[in-house]
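# show me how the following folds:
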Amino acid sequence: MLWEVFVRSRRGLSHVHAGSLHASDAAMALRNARDVYTRRNEGVSIWVVPAAEITASSPDEKEQFFDPAGDKVYRHPTFYELPAEVRHL
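Numbering: from 1, shown residues only. Reported below is the predicted structural model:
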């Protein structure tokens, strides 16, 4: 069975796709992912997900999938003035 591996590093809070591997079950996939993708202590958490269970949008569907959000100006705070004290927003 093909598994997709996501690793969370020490530097951040988000899991990032690290790659794929084959394993017979979830426990073996976790062990293999640890051995393959975190050999140098790069991670603090690993997720393994059966590749067949992932549903994703296609790049060909970009316009119909993402364009409806473009006309919702309230989602983009470009017309707000931020005080000078506000940083990292």
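# so which residues make contact with the one helix or strand in the chain whose mean pLDDT sits lowest?
Here the helix or strand of the chain ranked lowest by mean pLDDT, DSSP states H and E is helix 62-66, holding a mean of 77. The set of residues that contact helix 62-66 without belonging to it, under CB atoms under 8 Å, 6 or more residues apart in numbering, is residue 57. In short, each C-beta sits where N, CA and C put it, glycine included.
# and the residue nearest to the spatial centre of the chain, how far from residue 22?
To find the centre residue of the chain, average its C-alpha atoms and take the closest one (CA atoms, centre = their mean): that gives residue 16, at 4.5 Å. Between residue 16 and residue 22 the distance, using CB to CB, to the nearest Å, works out to 20 Å.
# name the nearest residue to residue 43, sequence neighbours excluded.
Spatially, and ignoring its direct neighbours in sequence, residue 43 is nearest to residue 7 (4.1 Å; CB to CB, 6 or more residues apart in numbering).
# wait, a strand at the one you found?
Yes. According to DSSP: H, G, I helix; E, B strand; the rest coil, the state of residue 7 is that of a strand.
# burial count for it?
One way to gauge burial is a neighbour count; for residue 7, by other CB atoms under 10 Å, it gives 19.
# next one: residue 42
As a burial measure, the neighbour count of residue 42 was computed by other CB under 10 Å and equals 13.
# using PDB, list the CA coordinates for the lengthiest helix in the chain.
If each helix of the chain is counted by residues according to DSSP state H, the longest one is helix 26-37. Taking C-alpha atoms only, helix 26-37 is exported to PDB below (Å, rounded to 0.1, in the frame of the first residue of the first chain):
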ATOM      1  CA  ALA A  26       0.100   2.200   9.400                       C
ATOM      2  CA  ALA A  27       2.500   1.100  12.100                       C
ATOM      3  CA  MET A  28       5.100  -0.100   9.500                       C
ATOM      4  CA  ALA A  29       4.500   3.100   7.500                       C
ATOM      5  CA  LEU A  30       5.300   5.200  10.600                       C
ATOM      6  CA  ARG A  31       8.500   3.300  11.300                       C
ATOM      7  CA  ASN A  32       9.600   3.500   7.700                       C
ATOM      8  CA  ALA A  33       8.800   7.200   7.500                       C
ATOM      9  CA  ARG A  34      10.900   7.800  10.700                       C
ATOM     10  CA  ASP A  35      13.800   5.900   9.200                       C
ATOM     11  CA  VAL A  36      13.600   7.500   5.800                       C
ATOM     12  CA  TYR A  37      12.500  11.100   6.400                       C
END
